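> prediction below, plus the sequence it came from.
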Amino acid sequence: MGNARRRIVLAVIGALSAGSAIGQQNTPPLDPNAEIATRQLRPGLAVLTGGGGNIGVWHGTDGIVIVDDNLAPLAPQVIEAVARLAEGPVRFVINTHWHPDHTGGNEAFGRTGGIIIAHDKVRTRMTEAQFIEAVGMQVPAAPPAALPVVTFDDSVTLYLNGDRLEVIHVIDAHTDGDAVLWWQVANVVHTGDVYLSNSYPLVELSSGGTLAGLVTAIEAVLARANDATTVIPGHGPISNRRELSEYRDMLVTIGRRIRESVERGRSLEEVIASRPTAEFDERYGQGFMTPARFVSILYRDLATPTPGLRPAGRN
C-alpha cells in the first residue's frame, strides 16, 4: 500500500475511532494492531472478528475462500489468522459490499493472487472516490489490485470444498451492492451489513441503501433459514434465525412509526422527541448508531417517495 493511501486509511481509522464508524457499533476504538480472533463454526468454516467486519473463512481440499477482509492496516493480522486455519494462498475473496471495513484487505490478497468477487456496483463504487454522507466520510478510489475482477448482477455460485456457496445480490438494502452468502451443506449464511446483531443498521442512503430494501433482504433470509441455521452478521456476535426475526420486526415497527409521523407532517425534531425506538434502544442503540442518528436516517429515507414497508410476516 502506497504511503499516501496508507495515510488516508489511517486518517479514516482515526475518524472511526472518534465515532464515525461504519458498522463499528459496540466495539472499542479501532486499533491498526487489533487482535484478530477466530471462531470455528463448522469443519472447514470459521469466522474472524476484530477491528472491522466479520470475515468468513472457508477452506478445504479445493482451497481457501474468504468473505470480506477487514480494514487495510489489519491485512497482515488477517493473513496470519487465515494461515493458522489453512495452508496455502487465498483463492477467492468475496466482498459483501464496498465499505472499507469489508474491502480494505483486497489489495493485499489481490496482489498474492486472490480473485476478488463482488456485485457490479461494488466495483463501480470502488473505482471512484465515494462520500458516505451519514458519517461525513470521504473514501478514496481503491487501487487497481483491490478492485473486484469477477462481478455479477444477480448471483454467482461456487462449488468447492464439498459445499455449494451461493452469493446473492439483495437490492438497495444497506447499500446498492450488497450480497448475502449461503453455504448449502453447512447451513450458514453471511449477511454482510444487511444485519448487525448488536446495533441498529446503517441504511447508507448515499450508496443507494433503503429501509424497505433492508427489510426485504432480511425477510428473504428468514424464508430460507431454519432453527439450525448459523447467521454471520456483518458486525456483532454470531447469531441465529430467531434473533434475525426479532431484528426484522424491530425495523418494521420503527419504520412504520416514522412513516406515520412523516405522513402527519411532523418535523424530524418532533419525531426524534417522540422516541419511536424507545423499547429497542437498550439492545440496539448503545453504540455508534444512536437512536437519534438512526431515526434521522430513516426519516430522510421514508420522507421520500419509496415503496411502503410491508407488515412483519409470521416467520
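Received, thanks.
> kindly check the end-to-end length of stretch 231-241 for me.
Stretch 231-241 has an end-to-end distance of 7 Å (criterion: CA to CA, to the nearest Å).
> and S274, how many residues sit next to it?
A total of 14 residues lie near S274 under the criterion other CB atoms under 10 Å. The way it works is simple: take the backbone N, C-alpha and C, and place the C-beta from them, glycine included.
> and after the lowest-mean-pLDDT helix or strand in the chain, which helix or strand comes next?
Of the helices and strands making up the chain, the lowest-confidence element is helix 3-17, at a mean of 38, by mean pLDDT, DSSP states H and E. Using DSSP states H and E, the helix or strand that follows helix 3-17 in sequence is strand 37-42.
> what packs against that following strand?
Counting contacts by 3 or more CB pairs under 8 Å, 6 or more residues apart in numbering; DSSP states H and E, strand 37-42 is packed against strand 45-50, helix 75-85, strand 230-232.
> in stretch 251-262, what counts as buried?
Applying a neighbour-count criterion of 16 or more other CB atoms under 10 Å, the buried positions in stretch 251-262 are L251, V252, T253, I254, G255, R256, R257, I258, R259, S261, V262.
> for that stretch, what is the average pLDDT?
Averaged over stretch 251-262, pLDDT sits at 98.
> excluding chain neighbours, what is closest to H169?
Spatial nearest neighbour of H169, excluding adjacent residues (CB to CB, 6 or more residues apart in numbering): H119 at 5.2 Å.
> for the longest strand along the chain, buried residues please.
The single longest strand within the chain, with elements called by DSSP state E, is strand 52-60. Across strand 52-60, burial judged by 16+ other CB under 10 Å covers G52, G53, N54, I55, G56, V57, W58, H59.
> pretty sure the first one is touching D101, no?
Right, the one you point to is G52. Yes - counting by CB atoms under 8 Å, G52 sits close enough to D101 to count as a contact (3.7 Å).
> those helices in the stretch 101-250 of the chain, which residues are they?
In the stretch 101-250 of the chain, the segments counted as helices under DSSP state H, counting those that start in this stretch are 106-111, 120-127, 211-224, 241-263.
> can you pull the poorly scored residue ranges out of this structure?
For the chain, the stretches with pLDDT under 70 are 1-33, 305-315.
> grab the most central residue of it for me.
D193 (2.2 Å; CA atoms, centre = their mean).
> distance-wise, check it relative to V180.
Relative to V180, D193 is positioned 11 Å away (CB to CB, to the nearest Å).
> tell me the two of the buried residues of strand 52-60 that are most distant?
Farthest apart among those by CB to CB are G52 and H59. That separation is 20.2 Å.
> about what we covered before: V295: which of the buried residues of strand 52-60 is nearest?
G53 (24.2 Å).
> go ahead and confirm the closest one touches D193.
Yes - here G53 lies in contact with D193, judged by CB under 8 Å, at a distance of 7.1 Å.
> got any residues that touch both of the two?
G23, T96, H99, H102, G234, H235 (CB atoms under 8 Å, 6 or more residues apart in numbering).
> would you reformat the residues you listed as JSON lines and include distance to Q184 and neighbour count?
Below are the shared contacts of G53 and D193 laid out as JSON lines (distance: CB to CB, whole Å; neighbours: other CB atoms under 10 Å):
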{"residue": "G23", "distance to Q184": "27", "neighbour count": "28"}
{"residue": "T96", "distance to Q184": "18", "neighbour count": "31"}
{"residue": "H99", "distance to Q184": "27", "neighbour count": "31"}
{"residue": "H102", "distance to Q184": "23", "neighbour count": "28"}
{"residue": "G234", "distance to Q184": "21", "neighbour count": "28"}
{"residue": "H235", "distance to Q184": "25", "neighbour count": "28"}
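> now, which of those residues sits nearest A220?
Each of these was scored against A220 by CB to CB, and T96 proved nearest at 14.8 Å.
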